[in-house]
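1. 3D, please:
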Amino acid sequence: MGDSRSSSEDPTSEKEWVLYRDRTDWKDVTPIPQNDGPSPVVQIAYSDRFKDVYDYFRAVMKSEEKSSRVLGLTEDALDLNPANYTVWYYRREVLKSLKSNLKDELAYCREMIEEHPKNYQVWQHRRVLIEWLQDPGNELRFTEVILAADQKNYHAWQHRQWVLQAFSLWKDELEFVERLLDDDIRNNSAWNERFYVVSQSEGWKNPVVEREIKFVLEKINMVSRNESAWNYLRGVLEHCEDDELRGELRSRVQNTCQQLLDKGDESPYLLGFMVELLIQDLENKNLKVSEQTETLKKIESMCTNLATNCDKIRKKYWDYILATVQSKYKSS
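-> Next comes the predicted model:
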């Protein structure tokens, strides 16, 4: 941030740090100590630097000073506590007052995010800057870099989705998601992003639903032990608004599941999904007695396999599902 930086050569070095009370250019400011009351329950042992910086920050807040030196003071305060909402807020007030170069501020913000990638306040600060600029710039590329280091960074995904929505940048997002899935087919965040993008940009029209069913079945055929893909499949079927098409797609999905089972695939997600489909058959179809009996036998076999072999950690759940289905259909 150029001249907004603190006057100390290295604010991370205790030896070279100059306390604000010892700086000649701050002699005109009377620091305000923190008031914890006469009998604080737990007295926090702040460092001398922390107390010094925040005593002066409280002073400039009270006097409403908005200057280049205050901008530097906020940086020192944020170095000590990057999650302090009040400091970020006042920094923005100073930026507005000084009509500061927001591109420089974005560069500073990037440095802070790279140091503190899961800090909500710094991501919120960046969002405000982009709103002020009304220019998404390289935000998608920036979040891509952050996500390359941690694909589950919720704040980066939230920021990316906001940028996509605010500036209608949907065009290449599915391609970006597919690259992530090519790198890691189990990337749950990428599957979530795909669902978000389709929902917000195209909607679940019939051609889109058919495309997404084809896409996810291809991925499931590659790796059936991938819970994220099965959850995505479930979501697509649920969002299909055309009852006739949903029925056709359920049959297609059921055939694919059966083919995997016939090959000896015992993925717990495959078996669990098949149980759901078969229960729906019992509930929604006018099955003959013989068909109902056969369907119930399949459910019993799969639930038993899940409980005793494929998904033993959820044995009680599958026992419960089986008991519920049996009590409802076995005597009818």
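
2. send the alpha carbons of stretch 79-87 over as PDB?
-> The C-alpha coordinates for stretch 79-87 follow below in PDB (Å, rounded to 0.1, in the frame of the first residue of the first chain):
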ATOM      1  CA  ASP A  79      -1.500  -7.800  11.400                       C
ATOM      2  CA  LEU A  80      -2.200  -8.400  15.100                       C
ATOM      3  CA  ASN A  81      -5.800  -9.400  14.700                       C
ATOM      4  CA  PRO A  82      -6.900 -10.000  11.100                       C
ATOM      5  CA  ALA A  83     -10.400 -11.000  12.200                       C
ATOM      6  CA  ASN A  84     -11.300  -7.600  13.800                       C
ATOM      7  CA  TYR A  85     -14.400  -6.400  12.100                       C
ATOM      8  CA  THR A  86     -14.200  -2.900  13.500                       C
ATOM      9  CA  VAL A  87     -10.700  -2.300  12.100                       C
END
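
3. Buried residues in it, which are they?
-> 80, 82, 84, 87 (16 or more other Cβ atoms under 10 Å). Glycine gets a C-beta too; all of them are placed from N, C-alpha and C.

4. what about it, distance to the chain center?
-> 22 Å (Cα atoms, centre = their mean, to the nearest Å).

5. The buried residues of stretch 79-87 in helices, which ones?
-> Under the assignment DSSP state H, those contribute 80, 87 to helices.

6. Going by distance to Arg160, which of the buried residues of stretch 79-87 wins?
-> Nearest to Arg160 among these: Pro82, at 20.7 Å, using Cβ to Cβ.

7. the helices in the stretch 1-150 of the chain, which residues?
-> Applying DSSP state H, counting those that start in this stretch to the stretch 1-150 of the chain gives helices spanning 48-63, 68-80, 85-98, 102-115, 120-133, 139-149.

8. now the angle from the third one to helix 68-80?
-> Computed by axes from the mean of the first three to the mean of the last three Cα atoms, to 10 degrees, the angle separating helix 85-98 from helix 68-80 equals 150 degrees.

9. Which strands and helices lie in contact with helix 85-98?
-> Where contact means 3 or more Cβ pairs under 8 Å, 6 or more residues apart in numbering; DSSP states H and E, helix 85-98 is packed against helix 48-63, helix 68-80, helix 120-133.

10. in that helix, what counts as buried?
-> Neighbour-count burial for helix 85-98 [16+ other Cβ under 10 Å]: 87-88, 90-92, 94-95.

11. from these, which two are the most distant?
-> Counting by Cβ to Cβ, the most remote pair of these is Val87 and Leu95, 12.5 Å apart.

12. contacting residues for the closest residue to Arg21 other than its chain neighbours?
-> Once flanking residues are discounted, Arg21 sits nearest to Asp52: 6.1 Å by Cβ to Cβ, 6 or more residues apart in numbering. Asp52 makes contact with 19-21, 31, according to Cβ atoms under 8 Å, 6 or more residues apart in numbering.

13. now swap in Thr295 and tell me
-> Contacts of Thr295 (Cβ under 8 Å, 6+ apart): 278, 281-282, 287.

14. could you dump stretch 204-219 to CSV, C-alpha only?
-> Extracted C-alpha coordinates of stretch 204-219, given in CSV (Å, rounded to 0.1, in the frame of the first residue of the first chain):
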residue,chain,number,x,y,z
TRP,A,204,-33.5,-27.6,-14.6
LYS,A,205,-35.2,-27.7,-18.0
ASN,A,206,-35.6,-31.1,-19.7
PRO,A,207,-32.5,-30.9,-21.9
VAL,A,208,-30.4,-29.7,-19.0
VAL,A,209,-31.6,-32.5,-16.8
GLU,A,210,-30.9,-35.1,-19.5
ARG,A,211,-27.4,-33.7,-20.0
GLU,A,212,-26.7,-33.8,-16.3
ILE,A,213,-28.0,-37.3,-15.9
LYS,A,214,-25.7,-38.5,-18.7
PHE,A,215,-22.8,-36.6,-17.2
VAL,A,216,-23.1,-38.0,-13.7
LEU,A,217,-23.8,-41.5,-14.9
GLU,A,218,-20.5,-41.4,-16.9
LYS,A,219,-18.7,-40.3,-13.7
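
15. That one: which residues count as buried?
-> 204, 208-210, 212-213, 215-217, 219.

16. Determine which two of the contacts of Thr295 are furthest apart.
-> The farthest-apart pair in the contacts of Thr295, when distances are taken by Cβ to Cβ, is Leu278 and Leu287, at 10.6 Å.

17. No further queries at this time; thank you.
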